[in-house]
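Chemist: Here is my input, please return the structure:
(chains A, B and C)
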Amino acid sequence: MVAFIVRRLLGAVGLLLIISAVTFAIFFLVPRAAGVTADDLAARYAGKTPDAATLTAIKERFGLDEPITTQYGKFVKAIVAGDTYDTGTEKIDCPAPCLGYSFRTNQPVLDQIIDRLPITMSITAGAAVLWLIAGISIGVLSALRRGTLFDRAAMAVALAGVSLPVFFTGLLGLAFVVHKWHLLPEVNYVGLTENPAKWFASLLLPWIALAFLYAALYARLTRAGMLETMNEDFIRTARAKGLPEKTVVVKHGLRATLTPILTIFGLDLGVLLGGAIITEKTFSLPGLGQLALDGINQSDLPVVLGATLFAALFIVLANLVVDVLYGVIDPRVRHS
Amino acid sequence: MKSPKVVTSAAAGAVVLSLGLAACGGGDDSSGGTSSAKFDAGSTAVVNASDKKGGVLKMAQPDDFESLDPANIYYAYGLNFTRLYSRQLMTYASKPGTEGSKMVPDLAEAPGTPGDGGKTWTYKIKRGVKYEDGTEIKAKDIKYAVARTFDRGVLRNGPSYFTQLLDADGYKGPFKDKDLDKFKGVEVKDDYTLVFKLKAPFAEFDQVVGFSGQTVPVPQAKDTGTRYGMHPVSSGPYKWEGDYQPKKGGTLVRNSNWDPQTDPNRKQLPDKIEVQAGLKAEEIDNRLMAGTVHVDLPGSGVQAAARQQILTNPKLKANADNPLAGFHWYIPINTKNIPNVECRKAIVYAADRAAMFRAYGGDAGGQVSTSIQPPAVDGREKGQDFYTKADVNFTGDVNAAKDALNKCGKPTGFETVMVFRSDRPKEKATAEALEQSLARVGIKLQLKGYPSGTYTNEQLGSPAFVKREKVGLGTYGWAPDWNTGYGYLQPISDKDAIVETGNANAEELDDSVVNGKWDEVVKVQDPAQRAKIYNEIDARIREQAAILPNVYAKSLLFRPTSLTNVYFHAGYGMYDYANMGVTG
Amino acid sequence: MTDKRRAELTDGTVGDSAAGAPTAFLEVRDLRVHFPTDDGLVKSVDGLSFKLERGRTLGIVGESGSGKSVSSMAIMGLHNRRNSKVSGEIWLNGEELVGLSPDRVRQLRGKHMAMIFQDPLSAMHPFYTVGHQIVEAYRVHNDVSKQVARKHAIDMLGRVGIPKPDKRVDDYPHQFSGGMRQRAMIAMALSCDPELLIADEPTTALDVTVQAQILDLIRDLQQEFNSAIIMITHDLGVVAELSDDILVMYAGRSVEQASVEDAFHRPLHPYTWGLLGSMPRLDRDRTERLMPIKGTPPSLINVPSGCAFNPRCAYRDLNGGKSETDRPELVEVEPGHKAACHLPLDRRREIWDTEIRPKL
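Modeler: Numbering: from 1, shown residues only, chains lettered A, B, ... in the order given. This next block holds a predicted model:
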């Protein structure tokens, strides 16, 4: 097991290197291929109508004229060995793993990511709890009452949920629940440790909006899985033993249904932890997704790289955790 | 048969309507309003005038300041905001109406005294003005502040007037060499006197000093270079509580070392000012109308949805202002790609001003323009129309356009490219209006949209791009660095202002008459005399058909009823942030 | 074999349900299991009757889809009442199951009647240990602690011949071999000493040597527990090995019921002849070919009119068209031997003796 995890982690490092190189290349080569000059890039970091002296100073400071290999080499070196950054008045140390400095905010990228992480985690965790509870219970009930009014209604809502993007449900929620009916407070992130009640209240709407989409998805998955599982031979065996129906459904049926859902859940969680971009944007929550988006909009390459790497890291880790958990849940995987 | 579309649009309408009602109910509860709180009242007068202290003023913005280092800011809203925590040598008068465009002393005792034919400018600063830590502000701090703007790598966002005007060639800023004596552009006579030394006479030096925060004193020992913007040392009525967190926000609290006796331009009404960055523009509008956010920092007006609600709901409308925003949406006609003035005149003749006016939203969106300089510019005259009519019903003069084409030698018209910002529907509509009206005389426009993020630097703002893509026309809006004819017209018409990237002289005008007047005007000390020359330049540009005027932009600003002392400031083109208060 | 008592078999005619109190341990009367589907009503079991005493074994044979498993599931009460219609009577030890509340049937399941399924790999839950699954079966009917139940499970595993049961009890089904799994399945079924054991193709998935072991095991356990056993199979060899009596099903009905002796040596239904003809035998010359029954099993939605077997019957023309119009009743032609066929009895005996038997 340990060897397996180590092997997977080493693979992840390689993958992250490739992802960073590709991101780097996209950021550097695509604009240049489209005819954007180093001066144009420098101008993106300058105020309006920058003079030539300003552009030269910016190019020099950010190394925009250096070849891509040199720049990428510096990036990788900073991760391994750390880096320093000149503010003009002092040299600030950025210990390894240094993901570089933001051109815009003059902060180490890693600090920014660590600062944003709790927000994205809060959004993801709360929504995940909601969508698991809602999605799975609706899915199970729907499967058990297949073809009934409940099933049809639930699946119709689920279809709508899968089709409706978060920015639609989110904006509708903001317009009605917050601004019209005042049922929930305005969405302003408050740290969990700072004020748990406010944290909960202010994130409830984002959770619901995000969870709605996923709950719909999970309800459909669970329903399909349950329908399949409840036709399995071992369910018939469980019934033949005289087990109460509740035990048959939950202990025997749901348990087997949840295994594939766990895989999907792990990946969904990994993707969202890398930045619940649309939810963060809709509710103006400054999480990792917003950080990445701002980075892209403002040509802030170190931030984009850092955010991309973290997003990739979460997906890789989520995959690993799912694989390890799979062994715990499914004994057949564990022993083979 | 009811189609789903009908239901959807009805539901959407209900959202808008109900939002409006809710917001307005909330507004009634809070302040009760004053008699002056009516539509557009804040454009010319102070609304809810009050000196009542206390409360928390909440400001929000969708993006973030480029920096909070006063010397590293160029956007007007940032410069407006910095006045809350910093004082500069000169500043805009804190007054409604055109008075707001005038420069008045801030740290200085009086406007600068020109010497040596306008090549030196001497300022005496007030005694006893203190930083937030209680130390006194001295002349050397201002010299240091100016010196640091010479490092364009560290302070890259701010204006570069000082590096261009001051006689300090070769100086690279105080970061590479801390010895300030090597900086010859500013001379410190004594603790309270400084002399700026220019390469050449420059008449509007007070404006250069006053429009930006680059003369905000910085104690050299506390300068943190690129990171100074995270916690600039305060000299104004408020100081930062902890560091400003980029993309998130920060809090300003009262600065007890600020002395109102020395500062007629700022008030210190709220106890606290909270700034939130990264709040969606639509959500800011919602919160403005709910009164939970008081100020939309960028100050460019509400979004389309809120605009609709406000203009159709009298209660909301009473809390809105619709001032001229200070800039002009016009159409530069590139003189390199369309060198023949008669061909350019044909474009101006054929343009359907009525359709272009509608493209910008009619009366609430703008005012049909004559001169290039908008009304807020000091000394600006309306002037006379050239080849067009500043009339909302003018649809163009097809016959005159055809005559001009004949004279140009292209009786059947010609083809050219028009660029616009694809993410701005109004600009797209304008380009389409021009495409249609020019097609009537055979001038075929090929429309090309580009993202606004790169448009003014890499497309229309890049002469190389304009040449390569044969761009003849574009959409453009120009806000001046300061409200004089120089601030407005020089960057968009002087040959010397043409730069390789971020070029504002999009018409690439290189007219000997205009260039000559620019060389001459910087030596003229009398503002009225200068204004006369600016108006001549304005007319000359239009006579050369290098710019097709369109509309002076109007913005729709919303002021929650809990906001006091609020008025539109002509210098910044938005509400004055340094004098507001809140009730409740 | 001769000393064995014969199972008493009822005549299976309609209206039998009015026959009053049951006379046997298990008595099935006119059992019908119908499934309404979008294509029509599937009559999987359509009027099945039989009796079975404790200590006896009844083999139910027939092709796939003949209703063997469906009827046994009906006895166990395992059909979903929402998508099936079960009618008729099932008397188990004096209690009528069809009209009983689902919860009461559940309490009987596992305790008084148990079932062994065909594929023990898919029939056991892959995520729980074998021991856990036996413990679960035991504890649902017996109020004992986990420790006691576990001891019982180990004991049961030992009794079905699993070596080192105290170790294997914590293994998962996939860690068992096929035969061991089936033993574990049997241990689970027998954990509450059921009086009725239904074995649905218990050896089909197993290789031949293991098959024999499992059949021996079932026989031994039957003697130990004195259970009644229903052995569902399409393998006549298994029936011959284990059963006292045989019930041949075709298209949801019983076409012949007899002692094993009679069924193998004096079968009286053409379908039974076909089954025997398609059975491989060691004593047969290898050059001769098996004689599979021609045609395919009938649709259970549109069961052929008259004798359901008539489209595949080689002797249908001998009845003057009666086979296509009238359904033959199951009648007792000899004591304890019933068959449903229009052919005159003598003609059947003649055909068996002259045409069928020599070729087997």
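
Chemist: Could I get the phi/psi values of the residue of chain A found nearest chain B?
Modeler: Each residue of chain A has a distance to chain B, by C-beta to the nearest C-beta, and the smallest belongs to A:G88, at 2.7 Å. Backbone N, C-alpha and C define where each C-beta goes, glycine included. Dihedral angles phi and psi of A:G88 (degrees, to the nearest 10) take the values phi 100, psi -40.

Chemist: ok, the nearest residue in space to it that is not next to it in sequence - contacts?
Modeler: Here the nearest residue to A:G88 in space, its sequence neighbours aside, is B:G225; by C-beta to C-beta, 6 or more residues apart in numbering or on different chains that works out to 2.7 Å. Contacts for B:G225 were tallied using C-beta atoms under 8 Å, 6 or more residues apart in numbering or on different chains; they are A:86-90, B:154, B:175.

Chemist: out of those residues, who has the most neighbours?
Modeler: B:V154 (28 neighbours; other C-beta atoms under 10 Å in any protein chain shown).

Chemist: The stretch 1-150 of chain A against chain B: which residues are in contact?
Modeler: The interface of the stretch 1-150 of chain A toward chain B, taken as C-beta under 8 Å from any C-beta of the partner chain, is made up of A:35-37, A:39-40, A:42-58, A:60-61, A:86-90, A:92, A:102, A:104-107, A:115.

Chemist: Mind pulling up the pLDDT for the nearest residue to C:G55 once chain neighbours are set aside?
Modeler: Closest residue to C:G55 in three dimensions, ignoring its sequence neighbours and counting by C-beta to C-beta, 6+ apart: C:N226, at 4.9 Å. pLDDT for C:N226: 89.

Chemist: So what would you say the end-to-end distance of stretch B:555-573 is?
Modeler: End-to-end span of stretch B:555-573 (C-alpha to C-alpha, to the nearest Å): 9 Å.

Chemist: What of stretch B:260-275?
Modeler: When the termini of stretch B:260-275 are compared using C-alpha to C-alpha, they are 23 Å apart.

Chemist: got it, and stretch B:371-387?
Modeler: 13 Å.

Chemist: Would you mark the buried spots in that stretch?
Modeler: Of the residues in stretch B:371-387, those buried under the neighbour-count criterion (16 or more other C-beta atoms under 10 Å in any protein chain shown) are B:371-381, B:383, B:385-387.

Chemist: Name the pair among these with the greatest separation in space.
Modeler: Taking C-beta to C-beta as the measure, the buried residues of stretch B:371-387 span a maximum distance of 27.1 Å, between B:D378 and B:Y387.

Chemist: Tell me which residues touch B:V146, please.
Modeler: Residues counted as contacts of B:V146 (C-beta under 8 Å, 6+ apart) are B:162, B:166, B:183, B:185-186, B:196, B:214-215.

Chemist: Give me the phi and psi angles of the closest residue in space to A:F200 that isn't next to it in sequence.
Modeler: Here the nearest residue to A:F200 in space, its sequence neighbours aside, is A:G126; by C-beta to C-beta, 6+ apart that works out to 7.9 Å. Its backbone dihedrals place A:G126 at phi -60, psi -50, with angles given as degrees, to the nearest 10.

Chemist: mind listing what A:G126 touches?
Modeler: Each residue near A:G126 by C-beta under 8 Å, 6+ apart is listed here: A:200, A:203-204, A:206-207, A:211.

Chemist: List only buried entries from those residues.
Modeler: By the neighbour-count criterion of 16+ other C-beta under 10 Å, the contacts of A:G126 include these buried positions: A:203-204, A:206-207, A:211.

Chemist: which of the residues you listed lies closest to B:T312?
Modeler: Closest approach to B:T312 among these (C-beta to C-beta): A:P206, at 30.4 Å.

Chemist: what's the pLDDT at the closest one?
Modeler: Per-residue confidence at A:P206 stands at 94 (pLDDT).

Chemist: That one sits in which helix or strand?
Modeler: Taking DSSP states H and E as the criterion, A:P206 maps to helix A:196-229.

Chemist: other SSEs contacting that helix?
Modeler: Under the contact criterion of 3 or more C-beta pairs under 8 Å, 6 or more residues apart in numbering or on different chains; DSSP states H and E, helix A:196-229 touches helix A:109-144, helix A:149-163, helix A:166-173, helix A:255-273, helix A:277-282.

Chemist: before we move on, back to that, find the pair from the contacts of B:G225 with maximum spatial separation.
Modeler: Maximum pairwise distance in the contacts of B:G225, criterion C-beta to C-beta, is 11.9 Å, between A:E90 and B:V154.

Chemist: if we can go back for a sec, list just the nearest of the buried ones among the contacts of A:G126 to B:G78.
Modeler: Within those, distances to B:G78 taken as C-beta to C-beta reach their minimum at A:P206, with 29.5 Å.

Chemist: Might you report the residue contacts of that closest one?
Modeler: Contacts for A:P206 were tallied using C-beta under 8 Å, 6+ apart; they are A:123, A:126-127, A:170, A:187, A:279, A:282-283, A:285.

Chemist: Tell me which two in those residues are the farthest apart.
Modeler: Maximum pairwise distance among these (C-beta to C-beta): 15.1 Å, between A:G126 and A:T282.

Chemist: Look up which helix or strand B:L252 falls in, please.
Modeler: strand B:249-254.

Chemist: contacting residues around that strand?
Modeler: Taking contacts as C-beta under 8 Å, 6+ apart, the residues outside strand B:249-254 that touch it are B:68, B:84-85, B:237-244, B:268, B:271-278.

Chemist: Return the members of those residues classed as buried.
Modeler: With burial judged by 16+ other C-beta under 10 Å, the buried subset of these is B:68, B:84-85, B:237-240, B:244, B:268, B:272-278.

Chemist: now, among the contacts of B:G225, which is nearest to chain C?
Modeler: For the contacts of B:G225, the residue nearest chain C by C-beta to the nearest C-beta is A:T87; the value is 57.8 Å.

Chemist: how close does the residue in chain B positioned nearest to chain A get to chain C?
Modeler: Chain A sits closest to B:G225 of chain B, with a gap of 2.7 Å, by C-beta to the nearest C-beta. Taking C-beta to the nearest C-beta, to the nearest Å as the criterion, B:G225 is separated from chain C by 61 Å.

Chemist: Then A:L227?
Modeler: 13 Å.

Chemist: could you pull out the helices for chain C?
Modeler: Using DSSP state H, the helices of chain C run over C:68-76, C:102-108, C:120-123, C:130-141, C:146-159, C:165-168, C:178-190, C:208-225, C:236-242, C:260-265, C:270-277, C:322-325, C:345-351.

Chemist: Which positions within the last one qualify as buried?
Modeler: The one in question is helix C:345-351. Of the residues in helix C:345-351, those buried by neighbour count under the rule 16+ other C-beta under 10 Å are C:348, C:351.

Chemist: Where does the prediction get shaky in chain C?
Modeler: Applying pLDDT under 70 to chain C picks out residues C:1-19, C:280-291.

Chemist: try 80 this time
Modeler: Counting by pLDDT under 80, the low-confidence segments of chain C come to C:1-22, C:204-207, C:278-293, C:320, C:359-360.

Chemist: Please report how far whatever residue of it ends up closest to chain B lies from C:N302.
Modeler: Taking C-beta to the nearest C-beta as the measure, the point where chain C comes nearest chain B is C:D38, at 29.9 Å. In this structure, C:D38 lies at 15 Å from C:N302, with C-beta to C-beta, to the nearest Å as the measure.
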